[in-house]
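Chemist: fold the following, please.
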Amino acid sequence: MPTESFDPTADLPFERRVAQPDMAALYLYWRRLARAGAPAFRDFDPIAMPRLLPDLQITRRDADGRHRIGLTGGRVAALAGRDSTGLYLDERIPPALYPSRAALYDEALDAARPIAYRSYLILDGREHHFQKRLLLPFVDAGPGPDLILAMALTASVPAEGAAAAAADGIVEILRGNPVG
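Modeler: Next up, the predicted model:
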């Protein structure tokens, strides 16, 4: 369930700390591809985990540092009310929340490390959600990581108090070890 906290036990492996089986499975698949650093995106086989595809989103960091959404899975698009493919993250995330989210995407790429976080997701005119998101860096155009494969899992939450909590930004961050 996306509303669960990450396991605080520091000596547990990352896949156990995310406390969500689908995220753990995607992370372990990514880890197998990451032999000597962030894996090449061409090695990612979507057929390996077809039931997870609706929860995935791909973003690429452009030369100007902006993150362009390259592909959005069906559940992610349905939640947002539209397909975000071709848009930038700064066009989809509220301005007050964008810097903290972009910093996590940049950290995942710059350190070649998996990052998971929990946060509120408030969409205008729609129900409120709590999300758990996993960011996995890949190398596409290279030479270093430049693409994020993100998994987003959400759960509806009561509107009372959610807007105030969302203003606080990210609730919890889990950083994995860098690869390489």
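Chemist: state the next helix or strand along the chain beyond the helix or strand bottoming out on mean pLDDT in the chain.
Modeler: The helix or strand of the chain with the poorest confidence is helix 162-167; it has a mean of 56 (mean pLDDT, DSSP states H and E). Sequence-wise, the next helix or strand downstream of helix 162-167 (DSSP states H and E) is strand 170-175.
Chemist: quick one: list the elements packing against that following strand.
Modeler: helix 98-111, strand 115-122 (3 or more C-beta pairs under 8 Å, 6 or more residues apart in numbering; DSSP states H and E). The way it works is simple: take the backbone N, C-alpha and C, and place the C-beta from them, glycine included.
Chemist: give the other helices and strands that the shortest one contacts.
Modeler: Think strand 115-122. Right, strand 115-122 is packed against helix 98-111, strand 128-138, helix 162-167, strand 170-175 by 3+ C-beta pairs under 8 Å, 6+ apart.
Chemist: at 6 Å instead, please
Modeler: Counting contacts by 3 or more C-beta pairs under 6 Å, 6 or more residues apart in numbering; DSSP states H and E, strand 115-122 packs against strand 128-138, helix 162-167, strand 170-175.
Chemist: go on, the first one?
Modeler: In terms of contact count using 3+ C-beta pairs under 6 Å, 6+ apart, helix 98-111 is assigned the packing partners strand 128-138.
Chemist: tell me the strands beside the strand it packs on, with direction?
Modeler: strand 115-122 (antiparallel), strand 147-157 (antiparallel) (DSSP bridges).
Chemist: what's the angle from the longest one to helix 98-111?
Modeler: Which is strand 147-157. In terms of direction (axes from the mean of the first three to the mean of the last three C-alpha atoms, to 10 degrees), strand 147-157 departs from helix 98-111 by 140 degrees.
Chemist: alpha carbons of strand 147-157, as CSV, please.
Modeler: Provided in CSV are the C-alpha atoms of strand 147-157 (Å, rounded to 0.1, in the frame of the first residue of the first chain):
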residue,chain,number,x,y,z
LEU,A,147,16.8,8.8,-17.8
ILE,A,148,14.6,7.9,-14.9
LEU,A,149,12.2,5.0,-14.9
ALA,A,150,9.7,5.9,-12.2
MET,A,151,7.0,3.8,-10.6
ALA,A,152,4.1,5.6,-9.0
LEU,A,153,1.7,3.9,-6.7
THR,A,154,-1.2,5.8,-5.1
ALA,A,155,-4.0,5.5,-2.7
SER,A,156,-6.9,7.9,-2.1
VAL,A,157,-6.9,9.9,1.1
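Chemist: kind regards, and thank you for your time.
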